[in-house]
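Student: okay, here's the prediction I keep looking at, along with the sequence it came from:
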Amino acid sequence: MPLFTEDVEVIGTNGVRPGEAEWYTNREAAKKWLEGDWEGWGDLRLAL
């Protein structure tokens, strides 16, 4: 996770308040969100 600093904050489309829904307030939570999204998206293909 060298992409994120220790004090990362990520707000997803359902972010409501810090620490709730898709509002992640630390590196570990952001890591779990990112891993879950990328694993769940399936075989994504973009036509460029």
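Tutor: Arrived safely. Everything numeric in this text was worked out from a predicted model, so none of it was measured. Numbers count the residues shown, from 1 in each chain.
Student: partner strands of the longest strand belonging to the chain and their direction?
Tutor: Longest strand of the chain, by residue count under DSSP state E: strand 10-15. Here strand 10-15 has these sheet partners by DSSP bridges: strand 21-24 (antiparallel).
Student: quick one: contacts of the partner strand?
Tutor: Contacts to strand 21-24, defined as CB atoms under 8 Å, 6 or more residues apart in numbering, come from residues 8-17, 30, 33. For glycine as for every other residue, the C-beta is placed from the backbone atoms N, C-alpha and C.
Student: what average pLDDT does it get?
Tutor: Confidence for strand 21-24, expressed as mean pLDDT, is 90.
Student: again, but for stretch 38-48
Tutor: 74.
Student: first vs last residue of it, how far apart are they?
Tutor: With CA to CA, to the nearest Å applied, stretch 38-48 spans 20 Å between its terminal residues.
Student: shouldn't Trp33 be in contact with Thr13?
Tutor: No. Using CB atoms under 8 Å, Trp33 and Thr13 do not qualify as a contacting pair, with a distance of 11.6 Å.
Student: compare these two and say which is more crowded by neighbours.
Tutor: Just comparing Trp33 and Thr13: by other CB atoms under 10 Å the higher neighbour count belongs to Trp33, 15 against 6.
Student: run a quick neighbour tally on the residue nearest to Thr13 when sequence neighbours are not counted.
Tutor: Distance criterion CB to CB, 6 or more residues apart in numbering; nearest residue to Thr13, sequence neighbours excluded, is Glu22 at 6.4 Å. Neighbour count of Glu22, defined by other CB under 10 Å: 13.
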